[in-house]
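Asker: turn this into a structure:
(chains A and B)
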Protein chains: 2
Amino acid sequence: MITVAVDCMGGDVGPDVTMPASLAFLEAHPQAQLLLVGQPDALGAWPQLLGNPRCKLVPASEVVTMDDPVEVALRRKKDSSMRVAINQVKDGVAQAAVSAGNTGALMAIARYVLKTMDGIDRPAIATQMPNARGGATTVLDLGANVDCSAEHLLQFAVMGSALVAAATGRQEPSVGLLNVGEEVIKGSEVIKKAGILLRNASTSGDLNFFGNIEGDDVFKGTTDIVVCDGFVGNVALKASEGLASMISGFIREEFSKSIFRKIAAIVAYPVLKSFKNRVDHRRYNGAALLGLRGLVFKSHGSADAFAFEQALNRAYDAAHNKLLDNVRERIAHARPLIAPEPVASELKSISTF
Amino acid sequence: MITVAVDCMGGDVGPDVTMPASLAFLEAHPQAQLLLVGQPDALGAWPQLLGNPRCKLVPASEVVTMDDPVEVALRRKKDSSMRVAINQVKDGVAQAAVSAGNTGALMAIARYVLKTMDGIDRPAIATQMPNARGGATTVLDLGANVDCSAEHLLQFAVMGSALVAAATGRQEPSVGLLNVGEEVIKGSEVIKKAGILLRNASTSGDLNFFGNIEGDDVFKGTTDIVVCDGFVGNVALKASEGLASMISGFIREEFSKSIFRKIAAIVAYPVLKSFKNRVDHRRYNGAALLGLRGLVFKSHGSADAFAFEQALNRAYDAAHNKLLDNVRERIAHARPLIAPEPVASELKSISTF
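Answerer: I've put the predicted structure just below:
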């Protein structure tokens, strides 16, 4: 039995999304239990869910809003549904927590409550993007870290490998370093150094480094994992969302410009529908917060019930596939590269001073 | 009469693209002249173009390949078509140069031959992306500068404003600073400082600063201009290209999965065609190299004749609209902000040492 704690108050909508999603999730997962965290009054309207023996209401008196500054969420709302959900993971009552709330607050609270793993300086946010191969590319970081060192990028690569390995069973997923060109001489100083660290980690068997990749490779599916700093990842993700939304708007507009075109839309409906399914970003909802001593998943704030259920699925799968152990083992193995012991030559140069 | 120098050898294809594009361009622009730069043997196959009185062949014995390292292009191929085309601008024989060659080489040669303008530390590459408003968003930098300071971002903002003002006639186009959130406290240290500089420049009337924007705003068309460092801009541009190509591939696949779907494609053909026109990236081909003492435009290396003609159009329009004067005047006006004179307190702190 796997228990997932759900922040039922989080997101743009709250219980009207999280509760129906929880119901659908429970029906699809006979081996799952849910801890529904939130204000009892707000959750009382779903008696069919609260009456389920695999569900338990965990009261939390406060709610972190989408606009709450991190400090408010962290220091002033200690009984928020977000924090209480994460507390369930810390206390070992749940194996994972899911929230559609404010990303900055979720990361800050998760980090404060759960702490980072040994060997990890900074947790990262990893998400999936659909690719032209029909699969998904895992990209991290998506915005937790705006300034990254080369060592951070190496840590992200190792954690991303653990995530994909746990989800797919393939033990050596490929890693690409997002850059402005394929050549090793391209990019900023941080990226060039990260390239060296990643190549070393590939040599030592800590990961399967493909090399530098460019922005279009995310959607080509050139590698299983794409590593970048949180600024670049966030911009690329949001630009892609903006472009996809513009394109679907254009398709809608073009098909409704005249009676003839509306008829064409009816004829083409099954095709347009399966196209829409294929690029439906809701299917990829549920980003992993990696590098913490517990599993936390972030749903898009604007998720509907279908999308939020995907985030619950992801959290369940991660707990079921022992993602946490997988990350811990890989980080421990890569530790000498991530935080290298001073070598003889370095000691010598230190002693010169 | 406006004269444009064309690097006829550049790009993935070379003369088979640049020559037909030049012919079409000349027919559409009775006030234009072209200097066709390249190896006479390679260009000889277009007698109808070379016989045009508004065309002149300018021989260049060498070609910068798409793989040539910058050093080779700059130091060893001094008689390349790329360099000779830029020389025409330097010598005042042409008002602009266009090349589809290797971006790194083009920027290096343009910078070496033409030099940067007073007040500009680093030239930038600016391109247009289509937006949901039916217009285009101008984004810079697109890869010339992987590490930028806040002052560089301010320079880009001023140059981008000049570019849009020259192209549209609107004197106060809006500028957005690409960030991971709208709030002023978001982003890296460089971005936060750039925000302060841009707000100051808005106060002093040097530009019209909208504030921070996010990746999706590029395609929403929230601002006329989007400013970012070259690493972020390059990744966002290429990721968008990759996503657009994936989506069009999916549409093609979905419409050819069965006989019924192929019939639907025929019925929907006019709609799909006008949709395709609308998102056709070829229409936006032709990136401006800004901050140099001369106009240089970069075409996509894989441009076809239609796309390359758009780059020629852009170069012509920029020369016609006196883009260079516009950039120079705006940079001169913003100079106190870009390279501030030491103020009293700073002088004092200097004298303390």
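Asker: around chain B, pick out the residues from the stretch 1-150 of chain A.
Answerer: A:130-132, A:143, A:146-147 (CB under 8 Å from any CB of the partner chain). From N, CA and C alone the C-beta is placed, and that goes for glycine too.
Asker: tell me the two of these that are most distant?
Answerer: The distance between the two most remote of those (CB to CB) is 31.6 Å, for A:132 and A:147.
Asker: looking at those two, which is more packed in?
Answerer: residue A:132 (19 against 15; other CB atoms under 10 Å in any protein chain shown).
Asker: does the more buried one touch residue B:248 like I think?
Answerer: No - in terms of CB atoms under 8 Å, residue A:132 does not count as a neighbour of residue B:248; the distance is 10.3 Å.
Asker: now residue A:184, nearest residue through space, not along the chain?
Answerer: residue A:195 (5.7 Å; CB to CB, 6 or more residues apart in numbering or on different chains).
Asker: what about the one you found, how many neighbours?
Answerer: 22.
Asker: among the residues of the stretch 1-150 of chain A next to chain B, which ones are in strands?
Answerer: residue A:130 (DSSP state E).
Asker: which one of the residues of the stretch 1-150 of chain A next to chain B is nearest residue A:63?
Answerer: residue A:143 (22.2 Å).
Asker: hmm, residue B:180 and the closest one touching each other?
Answerer: Yes - between residue A:143 and residue B:180 there is a contact under CB under 8 Å: 5.3 Å.
Asker: which neighbours do those two share?
Answerer: A:230-231, A:234 (CB atoms under 8 Å, 6 or more residues apart in numbering or on different chains).
Asker: in chain A, which helix is the longest?
Answerer: helix A:230-254 (DSSP state H).
Asker: got the contact list for the helix or strand just after that one?
Answerer: Going down the chain from helix A:230-254, the next helix or strand is helix A:259-267, by DSSP states H and E. Under the contact criterion CB under 8 Å, 6+ apart, helix A:259-267 has outside partners A:254-256, A:272, B:263-264, B:267-268, B:270-271.
Asker: now these: which count as buried?
Answerer: A:254-255, A:272, B:264, B:267-268, B:271 (16 or more other CB atoms under 10 Å in any protein chain shown).
Asker: just the closest of the contacts of helix A:259-267 to residue A:5, please.
Answerer: residue A:272 (38.3 Å).
Asker: for the closest one, give me the pLDDT.
Answerer: Residue A:272 carries a pLDDT value of 85.
Asker: residue contacts, it?
Answerer: Per CB under 8 Å, 6+ apart, neighbours of residue A:272: A:251, A:255, A:265, B:254.
Asker: in chain A, what residue spans correspond to strands?
Answerer: A:2-7, A:32-38, A:55-59, A:96-99, A:124-130, A:136-140, A:174-178, A:208-213, A:225-227, A:287-290, A:295-298.
Asker: residues in contact with the spatially most central residue of chain A?
Answerer: When CA atoms, centre = their mean is applied to chain A, the residue found nearest the centroid is residue A:287 (1.9 Å). Residues in contact with residue A:287 (CB under 8 Å, 6+ apart) are A:125-127, A:142, A:297-299.
Asker: how close does residue A:155 get to residue A:205?
Answerer: 17 Å (CB to CB, to the nearest Å).
Asker: same check, this time on residue A:222
Answerer: 22 Å.
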